[in-house]
Every structure is written in C-alpha cells, then in structure tokens.
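>>> how would this look folded up:
(one chain, ligands or ions: 2)
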Amino acid sequence: MAFNTRTKIKDLLKLAPEQQTVTVMGWVRTRRSNKHVTFIAINDGSCIQNYQIVADPAFIDEELLKKAATGACIKSTGKLVESQGAGQHTELIVERLEILGEADPEAYPIQPKKHSLEFLRENAHLRMRTNTFAAIMRIRHQLAFSVHEYFHRKGFFYIQTPIITASDAEGAGEMFRVSVLDPKNPPLNDQGGVDFTQDFFERETNLTVSGQLEGELAAMALSEIYTFGPTFRAENSNTTRHLAEFWMIEPEMAFYDAEDNQNLAEDFLKYIISQALLHCHDDLEFLDKRASEEEKNKKADQRNELSLLERLKFVIDNQFERITYTQAWEILRESTPNKKKKFAFPIDAWGTDLQSEHERFLVEKHFKKPVIISDYPKAIKSFYMKQNADGKTVAAMDILFPGIGEIVGGSQREENLDKLVRRMEELNISREEMWWYLDTRRFGTAPHAGFGLGFERLVLFVTGMGNIRDVIPFPRTPGNAEF
Ligand code: ATP
Ligand code: MN
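Ligands and ions are numbered 1, 2, ... in the order given. Model prediction:
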C-alpha cells in the first residue's frame, strides 16, 4: 500500500468536521498536556498555520505521546470533529499515532521561542522549520512561478544560458574560476603563467556573472526571451544586498527601445508583486506583523512610514518616477544632506557613479516611490549599452526600490557594429574573443533591449526582510558555504 494517504494541513483546514477519518503528517511544533488530554500542534509546511491534534492518554500510549516532542515527525490518524477551543474550527481526535522520526527535545536547536536571525543562519539546515523561513520560501516559490507565468503569457521563451563561460560580460574580473587543473602543480606556459590550454575546456573558464550576452543571441532569433538562472560574483561585498551566488531574471527583446524596456520592467514588477499579494496572503500578513515588530527596535528617523503590506500595494498603485541621471545628479547636488556634508560620497562633478546612500535618498526621502534612472554617463556603464546622441551618455536604466536600492539594471543595447567595436577598443575588450557576439551586429542586427532583475532583491522587498542572506535557502557569501 502506498504510504502517502495524508491530507495536507492547508486542505485539512478547509474541511467541515463530519467525523470523517483523516491522516496528517508533520513536524511537532509544541505539545502540552494535562491529566485528561494532550494537544499537539504540528506543521507540514503547506501553509503557515499549525494543526492541533488532540490525544486522550486513556487511549494513546503515554510513551508514544512523550516522543511526539518538539521537532519530532509524526503521523496521526483520527476523526475530524468540531473544535472545542478557539483559533481552529476543527480538530483531529487521535486514534493512531506513529512517530516517523524522533527528536531529542534537549538537543533540537529550534525551540518554540523567538530565535535571532543570526542563530538561524548558523542553523540554516533547520531554519525552514520556522514560520518566518517557511513563509519566505513559499513566497519565493510564488514569485518564481509568477515570473514564468508573466513571460509565458506574453509569448516570451525561457532560454537556458550557460553557467560555465569563457567570457566576462561585465569586464570586472570578479569571477569564480572553473578548473580541473591540480592547484598544487598546474602546468605552466612559456611566460610562467598557468597553461589553461591544458585545462578541461582548453581555455580559462569561469562561472557566469550574467546570461545577457547569450540572451541577446537568442533574442536575435526568437524576438522575446528571458533567462532565469543562477549567477555568481566573487566580489568581496559583505553587504545586506549582495550574495556570491544569486538568481537573476534577464529578459531580452528585439524591437524594443529604452522606453519599451522601462515599460516592460515596471509592468513586470507590478504583476509579480500583485500575484504575491493575491496568493500569499497569510504568509505576507505574518511577515507584515513581524516587520512591524522589528520597526519598534529602529530609531525613529529610520522607521518605515508604511507597513510591509502598504509598501507592496503602494508599488502596484503608483507610477514609478522616471528621471535621467543628470536630473538625479541635480537633485542630489542641491539636496540638504549634500549641502550639510552628510553623504560619505559628496555629489559634486557630473559623471560620478551614484552610491547606495544617494539612491536611497532619492527613493526614500525625495520621491518616496520606486525610481527609474536612465541615461547614465557612458564611463560608468558597460560597453554594450546604446550610445546616446549627446556622445556622453548611454541608454541605461536602473530601477531603485525603497529599502533595497538597485533592484533592476538594464539598457537598450548598441546595435551598430562600428559604434560597438569602437567602444570595445576604448575599453580594451577583445574583439577576437567576442566574435560570436559581434556577429549579431554583422548579420541582421536589430534594435533591442533588456534588463536584469536580481531575484533575491525582489524576494527581499516582498518579504520585508532586512538581509539578503535570509531570502535564499542556503546563502553563499564570503566565508560562508557550509550547507
Ligand atoms: P550593485 O550596484 O547593487 O552591486 P550591479 O550594478 O552590480 O548591482 P548588475 O550587474 O546590473 O548589478 O546586475 C543586475 C541585478 O542583479 C541588480 O540590479 C541586482 O538586482 C542584482 N544583483 C547584482 N549583484 C548582486 C549580488 N551580488 N547579489 C544579489 N543580487 C545582485
Ligand atoms: Mn555589483
């Protein structure tokens, strides 16, 4: 007989109490007893709610009930009856109890009390058994599903770009090398460097930082595509916004200009967030309460004016502010914190990159809504971005979100071969290595655009969590790859 005859708690909660027999399985959160009765609250991860089962010690072996302690995994069959207590409209009267997996309650790290996020990060192998992390993972699932749904409905094709690459799209040298050479004794070339021609791929290879360049190749055939895969950056940025391994969504569209690109990104973000509100109501409500509690520990001037749920609705209901880099620069230069020298990086000359303190000022203090900044100085952006007629700026866009900073980076791409090659020469990017990329501009080039959304930054925004390490199951950051 098959084992899985259980009812998920999510479905069980919807059933009417008609004395029917049901089986539940899950992990014990709490157990309390008196002489007459034992209450066991279990959770199976299907929803935020626990389910309370009720055992009469006269019928169920006492030793067995003792083993159904916090952390243990149990299976229980019984009759579904109307609940006597508050909070749950049915309860299960236990007829059969089976311990699927015992847990020593003294040794089990996840106790029925509030644990710090730091402690839970050290116990990431068990943290999904808490309400907070299970809620985050369910929301993460919904967001990922909505990404595919959004693009699928619009006729975009999901493309898998390589994870191992020989090109460095960003030209930043912040990549993880992939090699099978013996690190103690690598073959050397005539110059005394490592001879990568003897490596697995007969060249130097790395983990990808972005699927964009290959995405562009696909868009030049299928018109509208998107990628959704892991990306890797070996940058040593120990911030609450950076992971060494994160997931990125990168749509790339033929026949789109910079404005089409902005329209798509705004519509996409609003759709994804509205789907989370629609389908993750209980989890979001839980996280909303959690975030409100956290707010109380913050200094008055750092508190959010809006609650988590209000922030999500606000993003959906309001148009994103659209400004150019030059406008942003003017606002920042004239801003009070700049004049009072409050910025760690003062805003002075046109052309410097915006730091996260500037982005947050624009989003959280000045506009108080998501902001799309476009037309950045070409010197601070990538070689492939479309060069504007002014000769100084490129058709880039960054989308900035409250509490997050940059969530999306994108651009219209330079489709003109000569202009692209000239820019690559200026930046010392090898034309020979990029021959395949340049071929798109040689054969049937087309105006096109795209952007990259950091998936974890989106999950961070939607869950209201403060640290990106808490919105991915097993975070990879400098010094951390335990689980
Ligand atoms: P930042 O300035 O915040 O480091 P970036 O300019 O390096 O971002 P892009 O190269 O444009 O970012 O990548 C596109 C998107 O990927 C960003 O908008 C962001 O949402 C996300 N992202 C970039 N780096 C990371 C990272 N280390 N961890 C998580 N998400 C990231
Ligand atoms: Mn970066």
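>>> where in this protein is pLDDT low?
Flagging of the chain using pLDDT under 70 yields the residue ranges 168-173.
>>> Show me the helices in it, by range?
Counting by DSSP state H, the chain has helices at residues 9-12, 62-67, 117-122, 131-154, 212-222, 258-279, 281-296, 308-317, 325-333, 336-339, 356-360, 417-426, 435-442, 455-463.
>>> Let me know whether the longest one sits next to ligand 1.
Spelled out, it's helix 131-154. No - using Cβ under 6 Å from any ligand atom, helix 131-154 stays clear of ligand 1, coming no nearer than 13.4 Å. All C-beta spots, glycine's among them, are computed from the backbone N, C-alpha and C.
>>> What residues of that helix count as buried?
Using 16 or more other Cβ atoms under 10 Å as the test for burial, helix 131-154 gives 131-140, 142-144, 146-147, 150-151.
>>> Reformat the helices of the chain as JSON lines; add distance to E82.
Below are those laid out as JSON lines (distance: least, Cβ to Cβ, whole Å):
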{"stretch": "helix 9-12", "distance to E82": "14"}
{"stretch": "helix 62-67", "distance to E82": "23"}
{"stretch": "helix 117-122", "distance to E82": "37"}
{"stretch": "helix 131-154", "distance to E82": "26"}
{"stretch": "helix 212-222", "distance to E82": "56"}
{"stretch": "helix 258-279", "distance to E82": "29"}
{"stretch": "helix 281-296", "distance to E82": "22"}
{"stretch": "helix 308-317", "distance to E82": "32"}
{"stretch": "helix 325-333", "distance to E82": "61"}
{"stretch": "helix 336-339", "distance to E82": "60"}
{"stretch": "helix 356-360", "distance to E82": "52"}
{"stretch": "helix 417-426", "distance to E82": "71"}
{"stretch": "helix 435-442", "distance to E82": "67"}
{"stretch": "helix 455-463", "distance to E82": "35"}
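>>> Which stretch among those helices is buried most, on average?
helix 455-463 (a mean of 24; mean count of other Cβ atoms under 10 Å).
>>> Let me know whether it sits next to ligand 1.
Yes - Helix 455-463 lies within reach of ligand 1 by Cβ under 6 Å from any ligand atom, at E456, R457.
>>> switch to numbering from 52
In the new numbering, first residue 52, that becomes helix 506-514.
>>> now for that helix, which elements pack on it?
Helices and strands touching helix 506-514, as assessed by 3 or more Cβ pairs under 8 Å, 6 or more residues apart in numbering; DSSP states H and E, comprise helix 182-205, strand 296-305, helix 309-330, helix 359-368, strand 456-463.
>>> I'd like to check the angle between that helix and helix 332-347, please.
80 degrees (axes from the mean of the first three to the mean of the last three Cα atoms, to 10 degrees).
>>> Quick check: beta-bridge partners of whichever residue of the stretch 352-501 of the chain sits closest to ligand 1?
Nearest residue of the stretch 352-501 of the chain to ligand 1, counting by Cβ to the nearest ligand atom: G460, 2.7 Å away. Applying DSSP bridges to G460 gives these bridge partners: D449, G503.
>>> Hmm, it is touching F502, no?
Yes - here G460 reaches F502: they are 6.6 Å apart, a contact under Cβ atoms under 8 Å.
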